[in-house]
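Peer 1: Take a look and give me a structure for this.
(chains A, B, C, D, E and F)
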There are 4 protein chains.
Amino acid sequence: MTDVANGVAGHNGGVTDAPRRGRPRSAGADEAILTATLDVAREVGFRGMSMDVIAERAGVSKATIYRRWASKEALVLQALRSAINPMDEVDLGSVRADLVTYLNDLADRMASGNMTDVLPHLIEWAVHDEQLRVELDGYVAHRRQPLVAILTRGIERGEIRDDLDLDTIVDAFVGPFIYRKLLTGDAIDATLVDRLLALILPTITP
Amino acid sequence: MTDVANGVAGHNGGVTDAPRRGRPRSAGADEAILTATLDVAREVGFRGMSMDVIAERAGVSKATIYRRWASKEALVLQALRSAINPMDEVDLGSVRADLVTYLNDLADRMASGNMTDVLPHLIEWAVHDEQLRVELDGYVAHRRQPLVAILTRGIERGEIRDDLDLDTIVDAFVGPFIYRKLLTGDAIDATLVDRLLALILPTITP
Amino acid sequence: MTDVANGVAGHNGGVTDAPRRGRPRSAGADEAILTATLDVAREVGFRGMSMDVIAERAGVSKATIYRRWASKEALVLQALRSAINPMDEVDLGSVRADLVTYLNDLADRMASGNMTDVLPHLIEWAVHDEQLRVELDGYVAHRRQPLVAILTRGIERGEIRDDLDLDTIVDAFVGPFIYRKLLTGDAIDATLVDRLLALILPTITP
Amino acid sequence: MTDVANGVAGHNGGVTDAPRRGRPRSAGADEAILTATLDVAREVGFRGMSMDVIAERAGVSKATIYRRWASKEALVLQALRSAINPMDEVDLGSVRADLVTYLNDLADRMASGNMTDVLPHLIEWAVHDEQLRVELDGYVAHRRQPLVAILTRGIERGEIRDDLDLDTIVDAFVGPFIYRKLLTGDAIDATLVDRLLALILPTITP
DNA sequence: GATTAACCGAGACGGTACGTCACGTCTTTAA
DNA sequence: TTAAAGACGTGACGTACCGTCTCGGTTAATC
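Peer 2: Next up, the predicted model:
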């Protein structure tokens, strides 16, 4: 993934390539900016937040921000990504156990809205920002991946029928989470996980 | 719900109360403005749309818009509501037939942009606009209602098990639609409907 | 003087021509509007005054105002004229006595700023409003007239030299009043009158 | 006089105080804006002129104008001041010669529009703008000063009686100029100067 | 130690949209 | 026909934010 594809201007991603000449970028600035971005977002919402305010809050000039991110959207995206912990692969030996673990983890994350409080804004921006669309797709795929892995292993082990569309199963599990989060506002908890499993597991096991 | 609670300035909502004095509001203006709003939104997105452009497109002055709606957000909300056709109740005698009909209808609506192209923006706004949140909740409930009715009838007829949580079933059906629409971008079509039914129907029938 | 030259739309000037059909114009409206105009002008200045406010204050609709006056300027001018008492002709037998009387009267009027508080606004408007220019010229001529009469009589009686330009004399008397009123802000009182007479009378008497 | 008292936002007045941080104000912008202001004023009058047009004409954004001047009025005042050439002191050895020179200079200036075309607007604004009032008073005093000097020298030399009020003499000379300019519209030329001198000089010389 | 190049903050810049206000006109119902 | 009420198109207002662009001043790595 290049910087351009990253929507990031001149970012290094932690890789130490040839040492640059001149004054190096301020070490703490990135973090200060990302933190300020999330803070401001929490306070006034993504809609009401301005680059000037973020810059001031981070104790940084606007130019410094734009030297590191190509746009407001890119900055916000980065800020959001920095707030996400990766979902761990799960392999407890049985599909049911793996699903219980994964889905409860997902439920916890969504309920405690770190990333997800901001998901609406992300989705909205992605509509008219192709770059963000790509990023968001990557995020979604990344999120689905452990679930896909669980189910694939299940098929291999014969725990899951192999005549079903895998994407549909994933959608049936994850869809309700998203739906509740974004639209109905209903609880996303262990109860939901149990009920979903009760609804879907019987069908997908041989 | 009052006009104030509606976020709308001086709107009447179709109720014919005491005949107003002075020059009445231009009859076609509301419609022209709402139409222009949706047109412009479709073309440049809600993010890129400006009140000046909407006014020009509607052949109306900005002042006229602000006389009728308190803000850009209120206008957009009204425009969206006006674009929604109510989902019909379905009762073909069997739960399976009803579900097939309802879900395919939903799939058609979601695939063909109208409301849903704008759903991301709606959701985003609702985060920081309580009134819009309420409106959106109403919309969601309205959308779920026919599905709830189908399942309730099914339980009464004994076609559906009565020991399952009804909300979870609805979520399992509708969630994947929303998830695909907003995040994965996967197709929302008859195939999805068939697969979802194959996944869930076996479990919920006795 | 026609209505057009008057800057007034449809005004009657007190002449009772053919009785009109339909509802007659509200009798008190003219006065109410003019009074409201002067009131508002005194409160917020001519610059800050709006037709809507005047209409509301007069208990009258804007249309009613525009039915009677062609423009804001025309209304204001009329309001100002209505506030002016005509200057009386003076003839006490001697030029000196006449001048003392006339100039002290003028000084009183200017000091107690009825018309004159508004003179700056009038002058400013007249720059780009030919109609108002004409009106204002008429007002100025009307104001000068008694002074011209005094001096003319003086010449006829031999009290005033006949080899001087009459306009210049008038200007030398009136100019300082205007100058002080509009620019220096110095007192306009009996002392000024005395000093001006002391300055100019010796020269213009044979 | 501070910037605030000046009605000007952040203006420096040529004083080189502590070196400012950040990007300095565009060097030519002030002049471009002032020039554009005067140009537009000449074309459409101060009444018909808009900030947008001035900004466009100056090749500058509206924000830049408002960064430098607090209001339209403040801008116009500055523009006017920038258009005024100071009146020179005159000392040709005799009061008569000095007066002829000064008054003809004044007549020329008043006849040829520059400042005086705008004097009505200035006066009008000063009614409701205390700052402008102060500025205008300064301008007036500045304008009177050479005339006062001429007369004072005349008194010292014994060319002018010392028992007359000096201000009244000045008013008698200058008043007619203002009166003609603002109200009567009569010519302001050498003839007027000659006649005024003929009217007043005999009295004020011993 | 001097040079040099990229960085830094501050903040001005041209644009563009915002929501408000006043003008003078127009369109209702009521008198 | 005129009245009050008030909506209408027009167009300017002054503000906010965008992303870019100077400034004078650091801060390293190179010479």
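Peer 1: residue ranges with poor pLDDT in chain A?
Peer 2: A:1-20, A:113-117 (pLDDT under 70).
Peer 1: how about 50 then?
Peer 2: Applying pLDDT under 50 to chain A flags the ranges A:1-10, A:12-16.
Peer 1: all helices of it, in order?
Peer 2: With DSSP state H as the criterion, chain A has helices at A:3-6, A:29-48, A:51-58, A:62-68, A:72-82, A:95-111, A:119-128, A:130-157, A:166-179, A:190-204.
Peer 1: out of the ones you listed, nearest to residue D:177?
Peer 2: Closest of these to residue D:177 is helix A:51-58, at 52.4 Å (criterion: CB to CB). From N, CA and C alone the C-beta is placed, and that goes for glycine too.
Peer 1: For the closest residue to residue A:203 other than its chain neighbours, grab the count of nearby residues.
Peer 2: The shortest distance from residue A:203 to any non-neighbouring residue, by CB to CB, 6 or more residues apart in numbering or on different chains, is to residue B:202 (5.0 Å). Residues within reach of residue B:202, counting by other CB atoms under 10 Å in any protein chain shown, total 11.
Peer 1: In this structure residue B:202 contacts residue A:202, no?
Peer 2: Yes. Here residue B:202 reaches residue A:202: they are 7.2 Å apart, a contact under CB atoms under 8 Å.
Peer 1: Give me the nearest residue to residue A:88, chain neighbours excluded.
Peer 2: In space, residue A:88 is closest to residue A:146, 7.1 Å off (CB to CB, 6+ apart).
Peer 1: cool, and residue A:135?
Peer 2: residue A:77 (5.5 Å).
Peer 1: Also residue A:161?
Peer 2: Looking at residue A:161 with CB to CB, 6+ apart, the closest residue is residue A:206, at 5.2 Å.
Peer 1: ok, now which ones touch the one you found?
Peer 2: By CB atoms under 8 Å, 6 or more residues apart in numbering or on different chains, residue A:206 lies in contact with A:158-161.
Peer 1: what's the closest of the residues you listed to DNA strand F?
Peer 2: residue A:160 (46.0 Å; CB to the nearest atom of the strand).
Peer 1: count of neighbours near the closest residue to that closest one other than its chain neighbours?
Peer 2: Take residue A:160 and drop its neighbours on the chain: the residue closest to it by CB to CB, 6+ apart is residue A:154, 3.6 Å away. When neighbours are counted by other CB under 10 Å, residue A:154 registers 22.
Peer 1: so how far is residue C:155 from residue A:154?
Peer 2: 123 Å (CB to CB, to the nearest Å).
Peer 1: residues contacting residue A:197?
Peer 2: Per CB under 8 Å, 6+ apart, neighbours of residue A:197: A:96, A:99-100, A:103.
Peer 1: Spatially central residue for chain A, please.
Peer 2: residue A:139 (4.9 Å; CA atoms, centre = their mean).
Peer 1: That one touches residue A:81, doesn't it?
Peer 2: Yes. Judged on CB under 8 Å, residue A:139 makes contact with residue A:81 at a distance of 7.5 Å.
Peer 1: Break chain A into its domains for me.
Peer 2: As assigned by automatic domain parsing, chain A contains the domains A:3-82, A:95-204.
Peer 1: how about the residues of chain A that lie near DNA strand E?
Peer 2: A:10, A:20-26, A:29, A:59-64, A:67 (CB under 7 Å from any atom of the strand).
Peer 1: redo that, cut-off 10 Å
Peer 2: A:9-10, A:12, A:20-30, A:32-33, A:51-52, A:55-56, A:58-68 (CB under 10 Å from any atom of the strand).
Peer 1: Can you flag the buried ones in those?
Peer 2: Neighbour counting by 16 or more other CB atoms under 10 Å in any protein chain shown classes A:29-30, A:32-33, A:51, A:55, A:58, A:60, A:64-66, A:68 among the residues of chain A next to DNA strand E as buried.
Peer 1: And for the residue in chain A positioned nearest to chain B, the neighbour number?
Peer 2: Across chain A, the shortest distance to chain B (CB to the nearest CB) belongs to residue A:175, at 3.0 Å. As a burial measure, residue A:175 scores 25 neighbours (other CB under 10 Å).
Peer 1: Kindly report the same for residue A:149.
Peer 2: 15.
Peer 1: quick one, what contacts it?
Peer 2: residue A:89.
Peer 1: can you do 10 Å?
Peer 2: Residue A:149 makes contacts with A:89-91, A:98, A:102, as judged by CB atoms under 10 Å, 6 or more residues apart in numbering or on different chains.
Peer 1: my read: residue A:49 touches residue A:55, true?
Peer 2: No. Contact criterion CB atoms under 10 Å: residue A:49 and residue A:55 do not qualify, at 11.3 Å.
Peer 1: so what's in contact with those two at the same time?
Peer 2: Common contacts of residue A:49 and residue A:55, defined by CB under 10 Å, 6+ apart, comprise residue A:36.
Peer 1: now residue A:195, nearest residue through space, not along the chain?
Peer 2: Using CB to CB, 6+ apart, the closest residue to residue A:195 is residue B:168 (4.1 Å).
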